[in-house]
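Undergrad: Just to be clear, the model below is a prediction. Sequence and coordinates:
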Amino acid sequence: MEKFIEGSWRTSSDRFTGLKDFIILSNKAFPSNVGNKNVHYSELYSSWILLMYAAHEASFVGYSESVMRVFSYLNLRPDKLPGNIKSHHISRTLLLANEVKNGISHQNQSDVDLESLIMNASTSNWVNNSALMRLDKNAWPDAIEEILGRISFDGSDTSWMNDTYQGSSNTYKGVIKWLVQERNSLAHGNRPDTFEAFDIILDNVDVIADFSRRSKCFLQVALASHFPQLLSAEVGDVADMNIGENVIPFETVHNDISIGDHVLLKQRTGKLATSYVKSIKSGGKNLNTAEAGSTEVAICFNRSVKECAIYLAF
């Protein structure tokens, strides 16, 4: 199966990694002993904020497009959608129709035809011009939470947004709010007169990247909860032995899997969760990737996977 949302996350992850490298290198190159240090740092700091926000918003635009590709893959008519998704589809189709009628256009939807939009809204072609997952405003945490809610499922929970990240003093929501506020101030032509410390900037990049990752996991669990047919790519055949809570021995691996890859876990209760690969061993050797067809492979995950069916993330 195509790496729909997982592919978008990998693109976003690479972007955040490159951004962090750029911030480190540009800070080293900053001529601290030349000219007006405050003015120079202000410009550098501003560029970091704008690039951080661009990476943040782009990740959710990518996820939104990927979710719609999943719906296209499923090829379902709206009347076959779960109730809450169908309700959001209808209300947002009406919103989009009103925008088209009044000449309001959005990126990637500037050529939407009102008649086609209405005619296709109840057919399997509804995904072509849908606003179901569109980000309507700046990527504030509440706006992201609202988007995730459009495909929510029984038991879904976004309270993790109020958690702190690996010892950070700020919550996910707090850091995202800070980022959007800083970006908006710059967008209105204001030069920053106070700056976060360099180390805080780097920490915030990590928080924003992990906010994106956890949102991605929410989307995958939500879609798989609504559409179990998406859980079709099992990692492999599990051997009949117990190595540990986090380690699964596979007799044969059915699909390529690498360190860092995300998987979906289905517990005996039917509850879904996500995990990722921490290490891979075969024949006494550490591997970066276990290729499809590999035998006697032990894979260690970042959480307990005992009594779970394990599927590649889509």
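TA: Alright, I've got the coordinates.
Undergrad: Show the model's pLDDT score for the nearest residue to residue 120 once chain neighbours are set aside.
TA: Computed as Cβ to Cβ, 6 or more residues apart in numbering, the closest residue to residue 120 that is not its neighbour in sequence is residue 126, at 5.6 Å. (Glycine included, C-beta is placed from N, CA and C.) Reported pLDDT at residue 126 in the predicted model: 95.
Undergrad: show me the contacts for residue 129.
TA: 96, 109, 112, 116-117, 120 (Cβ atoms under 8 Å, 6 or more residues apart in numbering).
Undergrad: swap the cut-off to 6 Å and go again
TA: When the contact criterion is Cβ atoms under 6 Å, 6 or more residues apart in numbering, the partners of residue 129 are 112, 117.
Undergrad: ditto for residue 171
TA: Taking Cβ under 6 Å, 6+ apart, we find residue 171 in contact with 162, 164.
Undergrad: List the beta-bridge partners for it.
TA: Per DSSP bridges, the residues bridged to residue 171 are residue 164.
Undergrad: Residue 281 too?
TA: Applying DSSP bridges, one finds that residue 281 bridges with residue 286, residue 298.
Undergrad: Spell out the secondary structure type for the one residue sitting closest to the centre of the chain.
TA: When Cα atoms, centre = their mean is applied to the chain, the residue found nearest the centroid is residue 216 (2.9 Å). Three-state call for residue 216 (DSSP: H, G, I helix; E, B strand; the rest coil): helix.
Undergrad: So the residue lying closest to it once chain neighbours are set aside, which state does it fall into?
TA: Sequence neighbours aside, residue 9 is the residue nearest to residue 216 in space, at 4.5 Å (criterion: Cβ to Cβ, 6+ apart). Per three-state DSSP, the local secondary structure of residue 9 is helix.
Undergrad: okay, now residue 9: neighbour count?
TA: 25 (other Cβ atoms under 10 Å).
Undergrad: Could you verify my assumption that it touches residue 214?
TA: No. The criterion here is Cβ atoms under 6 Å, and residue 9 misses it with residue 214 at 10.4 Å.
Undergrad: so residue 151 sits in a strand?
TA: No. Per three-state DSSP, residue 151 lies outside any strand segment and is coil.
Undergrad: Let me know the pLDDT of it.
TA: We have a pLDDT of 96 for residue 151.
Undergrad: same deal with residue 107?
TA: Residue 107 carries a pLDDT score of 63 in this model.
Undergrad: cool, residue 185 as well?
TA: The model's pLDDT for residue 185 equals 97.
Undergrad: Please apply the same query to residue 35.
TA: 51.
Undergrad: With the one 3 residues further on instead?
TA: Each residue has a pLDDT score; the one for residue 38 is 67.
Undergrad: Tell me where the chain has strands.
TA: For the chain, applying DSSP state E gives strands covering 236-238, 247-253, 257-258, 262-267, 272-282, 285-287, 289-290, 295-301, 308-312.
Undergrad: Residue 87: how many residues sit nearby?
TA: Using other Cβ under 10 Å, residue 87 is surrounded by 12 other residues.
Undergrad: now it: how far from residue 78?
TA: Separation of residue 87 from residue 78 (Cβ to Cβ, to the nearest Å) stands at 10 Å.
Undergrad: ok, now residue 134?
TA: 16 Å.
Undergrad: Check the nearest residue to residue 59 once chain neighbours are set aside and give its pLDDT.
TA: Here the nearest residue to residue 59 in space, its sequence neighbours aside, is residue 12; by Cβ to Cβ, 6+ apart that works out to 3.8 Å. What the model reports as pLDDT for residue 12 is 98.
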